[in-house]
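Peer 1: only geometry, no sequence info:
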């Protein structure tokens, strides 16, 4: 039996899962000259082989044979377009990778003492950490909040933005919500003792430092004692932390123990300074009092943070649209204000007040906002280094800086290991995009200037209340569109060239489908806005390079053309005269350097074939995401934000995405047999290659038995129903029949009066709502009429309850794909 955590089984380790648990180094290895040269050669070869294919295969065919038939001409043009787009994506990968290598070769880490000196007394810049959370496991949230709370930053406020329905009726859901709410208070309580100790010690150190230029031996002994105490406190907390999976192991080793090790190392260095002073017979050491105060201040920063919880769905005037962007926007819009609670018929409303003493809620202003996903973990100096970077004069117009997240090592499943490999490759590519001013906000973590957010603020009035948008929610990839908005206002974004953040990757195919379908949705919708951005920047006299534009367009649209292009190559039997070794040679540099980067990130070179098969079985998911973008463009309706499920057990996959890879294998086998008989050897080899790798991916990453289970669940879903929902539907239909009969008999209810309304507060607050107010009939109406009126009122209530039940069932079935609705909140 696997271990248990909060009643949920811990995922079993699969054969072929990752054994390595040590993460990659924080600093990227400086690339050798050979590596830099090979990257440039790969770019040149890719372009050269593509040109050779166009000239010696396509153009030559037309020159030799002419436009011999409409079919051949159509095939030649379509094949060239597909090959060109796929080659372009491979080329952009190589360009971004080369940019990353160049950045890594020149990056110099800022010494710790310089960071402390920059953030010396009188230079505190407040930062608010926003952690949006919906239906998260409390232990996952606790890990994230702890990593934020232990940041070495002078003025830190952490807010857990709980987006669950505030008053759930299900006991299990309520218990989980209460435990999530308690996480912030628990961490604050645990930090109280070290924070108080080190704040008092800092005051004493500052007083003593004012009287002497160098730290005395006694002062350093006191400082050593404080470091030892902090070291012991962290190690005790590490021992008490339950290590259940590889994420817990990372938090234990890299957050708690690594910080303890650094504090111990500092104490040993201070002890050596004390010994040198004693040996010299001096009462003062060589360490300046200012440096001693900086070290003491660092302890106070590390263990001091304000941690609180905020729930936007408790307040009727805040947006409750079901996405992460509006959860963030609701709180960002409150920064720097004081608010009083006002009870109304629609719920509690936040009213702005001028005097903070009259306020029920005070939200301090903040120079910087750190957005952090609830399944991410930061290393201890993330905030310090990124804010230092933003405060350099040359970075005055940088709005967002981040470290694209890396994966947690030691994954328990094969698919999580491979998804982690693609994540680590994407980290490198994002670093390279900054080399060409083509950075996109990734979303899992980022430090943002509040001033830049104010520049892109959009305000609209909904129901009489202002709704402010900073992070766009028009698409489900809200961070990408916000990156374009910032560029339109003259801001830039930069990826910090170190590994300082980590985030979880989906551990099963079902949760991976939700994540990758969301990633594939929205890029095409944002592309027109980016084109407008380019025009505006050029109108301002800014230079927009061709490499930047190419990288950005590829980032937003490559999933669309790569998915459909691969479908054409798999499905259509192109003329064998269009096939050429040049196509393979043009793709060879991409696969060659991809395998090299996988080795550099601690994986196997042969994983390049696994990633190819992995992308094949994800092709239907990517196509579905692209089609959703087209659907949104045609209907102008937002696509619901689907959160990636984070559960200890497996997430069931929709049958379509399970059966489609099998259909792909069957069709590839059929194509192989057909082309083999026709002696079309190029197509036959390509079909066999795809069939083998796709079948391997199905067995390794979906699982044959899991496929059977998921298809069975889909096929038998009609056999299961919710008895309460069916009873509510029957009651609604019965009430409608009674109402129709009453109307046929000519029984019409009289106009409602305030006196007859059950809730006079609602009348005074809402006014007349066009017949939607509940109706009560006078007593002089005949008994049948009274019965009919009551039944009609009951039908309206039943219909609302049925709608709420349907919404709840949909949210549950899609594995936390949307937030609770207004109906649920009102009913609660």
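Peer 2: Perfect, I can see it now. These numbers come from a predicted model, not from an experiment. Residues are numbered from 1 along each chain as shown.
Peer 1: contact partners for the residue nearest to residue 407 when sequence neighbours are not counted?
Peer 2: Ranked by C-beta to C-beta, 6 or more residues apart in numbering and with sequence neighbours excluded, the top spatial neighbour of residue 407 is residue 420, at 3.2 Å. Where C-beta positions appear, they are placed from N, C-alpha and C, glycine not excepted. Residue 420 makes contact with 18, 407-409, 411, 505, according to C-beta atoms under 8 Å, 6 or more residues apart in numbering.
Peer 1: which among those residues end up buried?
Peer 2: 18, 407-409, 411, 505 (16 or more other C-beta atoms under 10 Å).
Peer 1: where does the prediction get shaky in the stretch 651-800 of the chain?
Peer 2: Scanning the stretch 651-800 of the chain with the threshold set as pLDDT under 70 gives 721-726, 728, 742-800.
Peer 1: taking the contacts of residue 420 one by one, which sit in strands?
Peer 2: Counting by DSSP state E, the contacts of residue 420 place residue 407 in strands.
Peer 1: now the contacts of residue 420 in TSV, with distance to residue 70 and pLDDT?
Peer 2: Listed next are these as TSV, based on distance: C-beta to C-beta, whole Å; pLDDT from 0 to 100:
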residue	distance to residue 70	pLDDT
18	52	87
407	50	95
408	55	94
409	55	93
411	51	91
505	48	90
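Peer 1: thinking again about what came up before, and the buried ones among the contacts of residue 420, which is closest to residue 449?
Peer 2: For those, the closest approach to residue 449 (C-beta to C-beta) belongs to residue 407, at 28.2 Å.
Peer 1: okay, the residue nearest to residue 407: pLDDT?
Peer 2: You'll see residue 420 listed with a pLDDT of 94.
Peer 1: quick one: it from residue 141, how far?
Peer 2: As judged by C-beta to C-beta, to the nearest Å, residue 420 and residue 141 stand 21 Å apart.
Peer 1: what of residue 535?
Peer 2: In terms of C-beta to C-beta, residue 535 sits 43 Å off from residue 141.
Peer 1: what does residue 306 give?
Peer 2: Remark: distance between residue 306 and residue 141 (C-beta to C-beta) = 17 Å.
Peer 1: neighbour count: the two, which is higher?
Peer 2: residue 141 (21 against 16; other C-beta atoms under 10 Å).
Peer 1: quick one, what contacts the more buried one?
Peer 2: 131, 133, 160, 180, 183, 374.
Peer 1: make it 7 Å
Peer 2: Contact analysis of residue 141 by C-beta atoms under 7 Å, 6 or more residues apart in numbering lists 133, 160, 180, 183, 374.
Peer 1: number of residues surrounding the first one?
Peer 2: The number of residues packed around residue 133, counting by other C-beta under 10 Å, is 25.
Peer 1: swap in the second one?
Peer 2: Neighbourhood size, residue 160 [other C-beta under 10 Å]: 26.
Peer 1: for the stretch 301-450 of the chain, give me the ranges with low pLDDT.
Peer 2: For the stretch 301-450 of the chain (pLDDT under 70), the answer is none.
Peer 1: mind running it again at 90?
Peer 2: 319-323, 344-347, 355-358, 442-444 (pLDDT under 90).
Peer 1: where's the closest residue to residue 386 other than its chain neighbours, which helix or strand?
Peer 2: Spatially, and ignoring its direct neighbours in sequence, residue 386 is nearest to residue 447 (4.5 Å; C-beta to C-beta, 6+ apart). In this assignment (DSSP states H and E), residue 447 forms part of strand 445-449.
Peer 1: kindly report the same for residue 611.
Peer 2: Using DSSP H and E, residue 611 falls within helix 607-617.
Peer 1: ok, then the element right after that helix?
Peer 2: On the C-terminal side of helix 607-617, the closest following helix or strand by DSSP H and E is helix 619-635.
Peer 1: quick check: angle from that following helix to helix 607-617?
Peer 2: 50 degrees (axes from the mean of the first three to the mean of the last three C-alpha atoms, to 10 degrees).
Peer 1: elements contacting the biggest helix by length in the chain?
Peer 2: Taking DSSP state H as the criterion, the chain has its longest helix at helix 171-209. In terms of contacts (3 or more C-beta pairs under 7 Å, 6 or more residues apart in numbering; DSSP states H and E), helix 171-209 is packed against helix 138-149, strand 156-162, helix 217-240, helix 289-302, strand 306-310.
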